[in-house]
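>>> Predicted model follows, preceded by the sequence.
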Amino acid sequence: MHKFFGQRIGYIFVMPWIIGFAVFTAYPIFFSLLLSFHQTSFGAERIYREFTGISNFHNAISTDIGFLRDVGGFSIVSFVAIPIIVILALVMALLLNYPLKGRGIFRTIFFLPVIITSGPVIDKLIDMGVTTIPALTNYSFYWFLLTSDNIFASAALLVLGNIILFLWLSGVQLLVFLAGLQKIDKQTMEAARVDGASPWEIFWKITLPSLSTLILVNIVYTTVMFAQTTLNPVIQHITGNMYDVTTGFGYSSALAWLYFLVITMIMLALVGIFALFGKKSLA
């Protein structure tokens, strides 16, 4: 009897989260999937829907050149930017894990951009040009990319023009790696040093294998986070179609679900690449 009431009390505590998830997450997701199969129009008091099957998805893939271009550019940038963000977070975590004076202040400084750089703030900073390193934009290679009109050039320009922003986006991953570094057995590290292992060997044989799970976590987190940044033109394209009279909520919902599939494939590809090459390099 005591166990029965104990379980009921547990459900009471989690009930606010369950209700919030059902109302504010599960229902909008289901409704957006429903709208993706309809042509929508606005009325005086409601949204009118006309079932059109998979025509929205077909139009997005076959005729929406802008959406395909934006998704292609985002995919290429993701395979470059996401590893850069994770590697930057790992390097900074290794530096901040050393017993330096005032390292708590440095950790706060590196994490501050996560709190400060909201969507509108990032837009203003990008317009002001503070997310790039001026030295990188003075080379002829950069100007060659500016005159090129293809997906690869656009991806390279985005990376070169926002390298500082990638550093700002690595704050949460930095904390995750720091937590993992502090959990590594110090006796194992000391035994390796006594046996004559160099810092480089300790990193590859002890530190990095111990962080392999956290690297996967950060890859997943960074993929989801990067997919929602203001750098992403796909979000702007979907939002623009949402309020377009000729397309509406139905077509934009179809675009959003296609974008979700692309993000999922990118995430699985990055995790698969790390699982394949990471095991070989750590073996």
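Thanks, I have the structure now.
>>> per-domain residue ranges of this protein.
1-30, 64-282 (automatic domain parsing).
>>> Pick the most deeply packed of those.
Among the domains of the chain, ranked by average contacts under mean count of other CB atoms under 10 Å, first place goes to domain 64-282 (a mean of 16). The C-beta positions use only the backbone N, C-alpha and C, and glycine is treated the same way.
>>> ok so, going back, quick one: closest of the domains of the chain to residue 48.
domain 64-282 (9.7 Å; CB to CB).
>>> can I get the domains of the chain in a markdown table with mean pLDDT and distance to residue 46?
Formatted as a markdown table, these follow (pLDDT from 0 to 100; distance: least, CB to CB, whole Å):
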| stretch | mean pLDDT | distance to residue 46 |
| --- | --- | --- |
| domain 1-30 | 80 | 17 |
| domain 64-282 | 79 | 12 |
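>>> of those domains, which approaches residue 58 most closely?
Among the domains of the chain, domain 64-282 comes nearest to residue 58, with 9.1 Å by CB to CB.
>>> want to throw the domains of the chain into JSON lines with distance to residue 36?
As requested, the domains of the chain are exported to JSON lines (distance: least, CB to CB, whole Å):
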{"stretch": "domain 1-30", "distance to residue 36": "11"}
{"stretch": "domain 64-282", "distance to residue 36": "4"}
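>>> To residue 47, which of those domains lies closest?
Nearest to residue 47, of these and by CB to CB, is domain 64-282 at 6.6 Å.
>>> What is the distance between the closest one and the centre of its chain?
7 Å (CA atoms, centre = their mean, to the nearest Å).
>>> swap in stretch 22-41?
Distance, centroid of stretch 22-41 to centroid of chain: 23 Å (CA atoms, centre = their mean).
>>> What of stretch 17-27?
Relative to its parent chain, stretch 17-27 has a centroid offset of 23 Å by CA atoms, centre = their mean.
>>> Now the terminal residues of it, how far apart.
Using CA to CA, to the nearest Å, one end of stretch 17-27 lies 14 Å from the other.
>>> So that it lines up with my notes, have the first residue be 93 from now on.
Sure, I'll start counting at 93 from here, so that last one is stretch 109-119.
>>> What segments of this protein are strands?
For the chain, applying DSSP state E gives strands covering 130-134, 139-143.
>>> Strand 139-143 and the first one, what's the angle between them?
Put plainly, it is strand 130-134. Relative orientation of strand 130-134 and strand 139-143, computed by axes from the mean of the first three to the mean of the last three CA atoms, to 10 degrees: 160 degrees.
>>> packing partners for strand 130-134?
strand 139-143, helix 340-374 (3 or more CB pairs under 8 Å, 6 or more residues apart in numbering; DSSP states H and E).
>>> a markdown table please, covering these and showing distance to residue 263.
As requested, the helices and strands packed on strand 130-134 are arranged in a markdown table below (distance: least, CB to CB, whole Å):
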| stretch | distance to residue 263 |
| --- | --- |
| strand 139-143 | 39 |
| helix 340-374 | 20 |
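>>> Nearest to residue 188, out of the ones you listed?
helix 340-374 (23.0 Å).
>>> Quick one: residues in contact with stretch 329-337.
With contacts defined as CB atoms under 8 Å, 6 or more residues apart in numbering, stretch 329-337 is touched by 158, 159, 162, 339, 340, 341, 343, 344, 347, 348, 351.
>>> quick one: the second one and residue 347 touch, right?
Yes: using CB atoms under 8 Å, residue 159 and residue 347 qualify as a contacting pair, with a distance of 6.0 Å.
>>> between these two, what contacts are shared?
Common contacts of residue 159 and residue 347, defined by CB under 8 Å, 6+ apart, comprise 152, 329.
>>> Enumerate every residue touching residue 170.
315, 318, 319, 358, 362 are the contacts of residue 170 under CB under 8 Å, 6+ apart.
>>> Closest one to residue 119 out of those, please.
residue 319 (22.0 Å).
>>> residues contacting that closest one?
166, 170, 351, 355.
>>> swap the cut-off to 10 Å and go again
166, 170, 174, 326, 327, 351, 352, 354, 355, 358, 359 (CB atoms under 10 Å, 6 or more residues apart in numbering).
>>> Next: residue 178.
Residue 178 sits next to 262, 265, 268-269, 306-308, 310-311, 313-315, 362, 366 when contact means CB under 10 Å, 6+ apart.
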